[in-house]
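> here's my sequence, what's the structure:
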Amino acid sequence: MRVRRTLALALASVTAIGVLAACGDSPNANKGANGNPSVLTVGMPNGPQTENHNPFLESSSGASLGYRWMIYEPLAMFNAIRPSEPGKPWLASKFEWSTDYKTLTVTARDNVKWNDGQAFTADDIAFTFDLIKKTDALNIFAIPWGDITTSGNTVKVTFTSPQFVNQVKILTRTPMVPKHIWSAVKDPTTEINKNPVGTGPYTLKSFTPQSTVLQLRDSYWQELPKVKELRYTSYADNNAQTTALANGSAEWSFVFIPNYKTVYVDKDPKNNKVFPAPVIGVHGLWFNTTKKPLDNPALRRAIDMVINRNDIFVQAEAGWFHPEVTSVTGIPTPAGESFIAPEYKGQNHKVDVEGAKTLLTGAGFKLDGNVLKDPTGKPVELTLTDPAGWSDYQTSLEIVRDNLSTIGIKATVDKANQEAWQKNVEEGNFDATFRWTNGGATPYDLYQTVMDGALLKPVGTPSPQGNFGRFNSPEATKALRDYANATDEAARTAAMNTLQKIFVEQMPMSPVGADNAGGAYVTKNWVGWPDEQNPYAPAQPTQPNAVDVVLHLKPAS
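As a prediction, the model looks like this:
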């Protein structure tokens, strides 16, 4: 899910953007007339933003900062950290799947209005689904849509194959949009949606590249939240974001905090909290499998064999943020232990430089002194790229760069602009990059993000939801479909075992750390946050559940 990530190591000083954001408000700026808090400050370390409120685009400012889910809402809420729990109806008053997961019946909730006053209806649901169906670039989960029909307040959707594995994406990760607005949009893939109209409790008040402000609307279908205003700040980097959390300028973020106890929690142990809830998803080094010599699986496997995951966990992730992935399958343990195929039980990653050299030699590579040459005699040189402000990823790349030198690969680290990086990754214009996968109740989502042929696009064409490395394996695609279409556990297990074998032998992505859907928050002004005792939602401001979190908040006083 997503997605939507941020990371990085402490810098010596805070940039001008961070200083201004941290110091711009008076101590009482978020207090209401009665002395209770009225404003919640949210931050992400993603740098200056370009205005774009299109709820469908993962590259938009609304997705980057997370505020799209405060304006636009899904049909249901599923809890990613409790994936076995049933979904909670949201804009749908109820939803029901057929036993073969090929038909979804949704009932539109009564008495819901868009923020322009018009009623939300079943036609809006059908229109949203149909818009995604006929716009390939918006169908980021490659959903095989069939017929979409309405009858009264009910929508019936059919699919050409079972959607057991996609039910959460369809119901939770699809923002509903108003037909009376979006039917006039010429190109939904480029629309910046200057005046967003949604069903959520907030409307857009103002936007600048550094700050977006939302205000509470006077009517909402649920009880109005206590938070009257949401102020989103896009800090320059992780250090600026952490500083803002520590001094109270920001109250909620998803950010990597190096030495988090000292630099954040200990500043106010009573109120400064982190809740890094784990999910079955991973972070690691993605390879562009269309680029020579990375199109050779032997090279990808050799690189995987020399990556020091423990160094990355301890040095880059401060020993807490993304726990080390040990299984060669890439499946995080213990959460995913039951899914690991018998042939890979107990097979764990270990640094093996000599084994990597032997593998490369057998594949036609040659180590000429300290320089690795590919089978054509060309030196192997790679560019490793991630956004400059994501310090843990930058540190991870530096460790990988040094690891690669042990087998003669010259690697350089590119500190990219975040928007440019996202565009290049989605379009397949990179050598190798640290990035995350989707997560879910099973490893299916992990493997689907990396290996699904349904997400395979030509280099230069965006693939927003996965297969960024353009991995082309009909066998993997078939195994993913077999898993999705399975009608019994034995068939799912067989398909999952096949996926693991392809992943281990082809190594389209080198898994390094387990994912989390957590967050950091401050309880001085607001209470009601999710935590280990009450994990009702991920504590991450960029997830669909973020609006549910805000609805739970109450003034601390």
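
> from the contact counts, what lies against the longest strand along the chain?
Longest among the strand segments of the chain by residue count, using DSSP state E, is strand 278-287. Other helices and strands packing on strand 278-287, by 3 or more CB pairs under 8 Å, 6 or more residues apart in numbering; DSSP states H and E, are helix 297-306, strand 432-436, helix 444-451, strand 509-516. C-beta coordinates here come from the backbone N, C-alpha and C atoms, glycine included.

> try 10 Å
Secondary-structure packing of strand 278-287 (3 or more CB pairs under 10 Å, 6 or more residues apart in numbering; DSSP states H and E): helix 297-306, helix 391-405, strand 432-436, helix 444-451, strand 509-516.

> okay if I get the ones you listed as JSON lines plus distance to P474, mean pLDDT and mean neighbour count?
Compiled in JSON lines, those are given as follows (distance: least, CB to CB, whole Å; pLDDT from 0 to 100; neighbours: other CB atoms under 10 Å):
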{"stretch": "helix 297-306", "distance to P474": "15", "mean pLDDT": "98", "mean neighbour count": "22"}
{"stretch": "helix 391-405", "distance to P474": "30", "mean pLDDT": "96", "mean neighbour count": "23"}
{"stretch": "strand 432-436", "distance to P474": "24", "mean pLDDT": "97", "mean neighbour count": "24"}
{"stretch": "helix 444-451", "distance to P474": "11", "mean pLDDT": "96", "mean neighbour count": "27"}
{"stretch": "strand 509-516", "distance to P474": "18", "mean pLDDT": "93", "mean neighbour count": "27"}
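
> to A341, which of those lies closest?
helix 444-451 (12.2 Å; CB to CB).

> give me the angle between the helix or strand following that closest one and helix 444-451.
Downstream of helix 444-451, the next assigned helix or strand under DSSP states H and E is helix 474-485. Counting by axes from the mean of the first three to the mean of the last three CA atoms, to 10 degrees, helix 474-485 points 150 degrees away from the direction of helix 444-451.

> what's the angle from whichever helix or strand comes after helix 474-485 to strand 509-516?
Counting by DSSP H and E, the next helix or strand C-terminal to helix 474-485 is helix 489-506. On the basis of the same axes, to 10 degrees, helix 489-506 is oriented at 120 degrees to strand 509-516.

> helix 489-506 packs against which elements?
Using 3+ CB pairs under 10 Å, 6+ apart: helix 489-506 touches helix 297-306, helix 444-451, helix 474-485.

> quick one on the thing from earlier: closest to K501 out of the helices and strands packed on strand 278-287?
helix 444-451 (11.1 Å).

> packing partners of the closest one?
On a contact count with 3+ CB pairs under 10 Å, 6+ apart, helix 444-451 meets strand 278-287, strand 432-436, helix 474-485, helix 489-506, strand 509-516.

> and the angle for that helix with strand 278-287?
Going by the same axes, to 10 degrees, helix 444-451 makes 10 degrees with strand 278-287.

> and helix 444-451 with strand 432-436, angle?
160 degrees.

> distance from helix 444-451 to the middle of the chain?
Its chain's C-alpha centre and that of helix 444-451 lie 13 Å apart, by CA atoms, centre = their mean, to the nearest Å.

> now that helix - C-alpha only, PDB.
Extracted in PDB, the C-alpha atoms of helix 444-451 (Å, rounded to 0.1, in the frame of the first residue of the first chain):
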ATOM      1  CA  TYR A 444       1.100 -12.300  -2.900                       C
ATOM      2  CA  ASP A 445       1.200  -8.400  -2.900                       C
ATOM      3  CA  LEU A 446       4.900  -8.400  -2.400                       C
ATOM      4  CA  TYR A 447       5.600 -10.600  -5.400                       C
ATOM      5  CA  GLN A 448       2.800  -9.000  -7.500                       C
ATOM      6  CA  THR A 449       4.400  -5.600  -7.100                       C
ATOM      7  CA  VAL A 450       7.700  -6.900  -8.500                       C
ATOM      8  CA  MET A 451       6.800  -9.600 -11.000                       C
END
